[in-house]
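1. Provide a 3D model corresponding to the input given below.
(one chain, ligands or ions: 2)
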Amino acid sequence: MRVLDAAAPAAPAPGEGRRFPFQRRSNARAAAPAVLDPCRTGREAAELEAGLRALVVGQDEAIAQIVNVYQMHLTGLCPPQRPVANLLFLGPTGSGKTRIVEATAETLVGTSRAVIKIDCAEFQHSHEIAKLIGSPPGYLGHRETHPLLSQEVLNQYHTDRVKLSFVLFDEIEKASDALWNLLLGILDKATLTLGDNRKVDFSRAMIFMTSNLGAAEMQSLISPKLGFQAAAGPGPDDGRMEGRIRRSGVEAARRKFTPEFMNRLDKVVVFRPLGEAELRRILDIELGLVQQRVLAASAERAFVFRLTDEAKDALLADGVDIRYGARHLKRSIERMLVQPLSNLIATEQIRGGDLVRVDWDAGTRCLTFLREDEGIPMQAMAELLEPPARAWVRAAAAAPPLPQKAPLARGSRRG
Ligand SMILES: Nc1ncnc2c1ncn2[C@@H]1O[C@H](COP(=O)(O)OP(=O)(O)OP(=O)(O)O)[C@@H](O)[C@H]1O
Ligand SMILES: [Mg+2]
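-> Numbers count the residues shown, from 1 in each chain. Ligands and ions are numbered 1, 2, ... in the order given. The predicted structure is shown next:
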């Protein structure tokens, strides 16, 4: 027996045609128009943005581009048969071009190792291209070469939630013609043909390219601002200088690259040179990463260190060189902080559970190290840390101990 629903719409009469769900009936009341906000992003894209902002300082345009393409990918609106993104990053050295790609992978799939990095300068000759795509059948070494750009390599860091790959072509201006043709094919059709004719699909890949083109011109624009003045923070003409740096980067790219390449890009982003305010924030991020390294090195010797403002100022005074961006600052942290810390650990002057204060002695012009507390349990240590390192310690403390491997008996037989 069929139960009939009187409220159900009648089947269309022959000839009346189908009514689409969004077609308004003539007698229905019009809904009040609602103003929609196209700038709001969904939860997952907002999480990516927050993750990138926590790791990358001062490169808002690049962050916005990555978040935009990710949002389009999530909603399925990316152009078909193209990579999820084709982005070219230009800008001064040490300004975060490579870091932002690593940070994207870290935030989305949990590790920066997911970035497949191709240093274009290393693939000049045809036998080097074989490292990327493998050699054709019959060639010597055909079976031994595992192409760097195979589908398996591309998919190896896919997670249940995120099925994206991250491919970085570094210093593309140094690419040979063979590599260049390969790159154009990927950017245009999202496919690559391997040496043995298998196809690799790049339609779930974000393609990032970096170039130092225009770096010399950018440098000459930045140079007059070197020294203490530059370290004093953004000046009134900073916006104008940024505009000039941007233009010189884009013009250099247009001079060097063919229109067919430029037309395949979704966006050219010129990274801003980092000023003192940005480097100060990067210092805090880097100190957090050193703290994580200390905690990851050994659970028994895990300790917490804290720097006074004077110690941070000293690291900045040594590490701020606008020409080299954050690279120089990282070198100062390694030399002035990490190396002395490793000596203190090796000589057991610092032991697990210690709280160490790092200060600056203006007389000797050295960082000083003082044990403020000792015997602090792991959980209590977490409370002394900044949020990212704190979450890390909590997770490490909660993780079950690694299973002990039973030693294999000598001469034992399997089966
Ligand atoms: N904007 C930034 N935010 C956070 N960290 C940064 C930033 N820029 C640089 N760093 C730090 O400096 C290091 C070097 O930066 P990165 O490798 O991204 O430079 P780059 O712009 O790719 O330079 P190059 O053109 O020389 O390759 C990074 O590993 C990171 O630790
Ligand atoms: Mg780089």
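2. Would you state the helices of the stretch 51-200 of the chain in chain order?
-> Ranges of helices in the stretch 51-200 of the chain, per DSSP state H, counting those that start in this stretch, are 60-74, 97-109, 126-133, 151-155, 177-189.
3. got it, and the stretch 301-415 of the chain?
-> Using DSSP H, counting those that start in this stretch, helices in the stretch 301-415 of the chain cover 309-319, 326-333, 339-346, 378-383, 387-398.
4. closest one to ligand 2 among those?
-> Of all the helices of the stretch 301-415 of the chain, helix 326-333 sits nearest to ligand 2, with 9.5 Å by Cβ to the ion. For every residue, glycine as well, the C-beta is placed using N, CA and C.
5. now the angle between helix 309-319 and the closest one, please.
-> On the basis of axes from the mean of the first three to the mean of the last three Cα atoms, to 10 degrees, helix 326-333 is oriented at 130 degrees to helix 309-319.
6. can you give me the offset of helix 326-333 from its chain's centre?
-> Relative to its chain's centre, helix 326-333 lies at 19 Å (Cα atoms, centre = their mean, to the nearest Å).
7. tell me the mean pLDDT for it?
-> Across helix 326-333, the average pLDDT comes to 92.
8. how about that helix, does it reach ligand 1?
-> Yes. Using Cβ under 6 Å from any ligand atom, we find that helix 326-333 touches ligand 1 at 326, 327, 330.
9. Quick one, which of these are buried?
-> The neighbour-count test (16 or more other Cβ atoms under 10 Å) applied to these identifies 326, 330 as buried.
10. Point out the most buried one among the helices of the stretch 51-200 of the chain.
-> Of those, the one with the most neighbours on average (mean count of other Cβ atoms under 10 Å) is helix 97-109, at a mean of 22.
11. how far out from the middle of the chain is that one?
-> Offset of helix 97-109 from its chain centre (Cα atoms, centre = their mean): 1 Å.
12. How about stretch 251-259?
-> 26 Å.
13. For the residue lying closest to residue 386 once chain neighbours are set aside, the count of nearby residues, please.
-> If the residues on either side of it in the chain are set aside, residue 386 comes closest to residue 288, at 5.5 Å by Cβ to Cβ, 6 or more residues apart in numbering. When neighbours are counted by other Cβ atoms under 10 Å, residue 288 registers 19.
14. give me the element residue 288 is part of.
-> helix 276-297 (DSSP states H and E).
15. show me the contacts for the residue of the chain found nearest ligand 2.
-> Residue nearest to ligand 2 within the chain: residue 98 (3.3 Å; Cβ to the ion). Counting by Cβ atoms under 8 Å, 6 or more residues apart in numbering, residue 98 touches 117, 168, 170, 210.
16. one step back: can the helices of the stretch 301-415 of the chain go into TSV with extra columns for distance to residue 202?
-> Below are the helices of the stretch 301-415 of the chain laid out as TSV (distance: least, Cβ to Cβ, whole Å):
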stretch	distance to residue 202
helix 309-319	38
helix 326-333	30
helix 339-346	42
helix 378-383	41
helix 387-398	32
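17. Mind putting the ones you listed into CSV with distance to ligand 2?
-> Shown next, in CSV, are the helices of the stretch 301-415 of the chain (distance: least, Cβ to the ion, whole Å):
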stretch, distance to ligand 2
helix 309-319, 18
helix 326-333, 10
helix 339-346, 25
helix 378-383, 33
helix 387-398, 23
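18. looking at the ones you listed, which one has the lowest mean pLDDT?
-> helix 387-398 (a mean of 66).
19. on that earlier part again, among the contacts of residue 98, who's most crowded?
-> Neighbour max across those (other Cβ under 10 Å) = residue 210, 23 neighbours.
20. hang on, it packs against residue 172?
-> Yes. In this structure residue 210 lies within contact range of residue 172 using Cβ atoms under 8 Å: 7.2 Å.
21. between those two, what contacts are shared?
-> Common neighbours of residue 210 and residue 172 (Cβ under 8 Å, 6+ apart) are residue 88.
22. Map the structural domains onto the sequence of the protein.
-> The record's domain parsing of the chain by automatic domain parsing lists 43-273, 278-398.
23. Is any residue of the first one near ligand 1?
-> Yes. Contact of domain 43-273 with ligand 1 is found when judged by Cβ under 6 Å from any ligand atom, involving 56, 57, 58, 59, 93, 94, 95, 96, 97, 98, 99, 212.
24. Quick check on the nearest residue to residue 325 once chain neighbours are set aside: phi, psi?
-> Distances taken as Cβ to Cβ, 6+ apart put residue 94 closest to residue 325, at 2.5 Å, once the chain neighbours are dropped. Phi and psi for residue 94, reported as degrees, to the nearest 10, are phi 70, psi 30.
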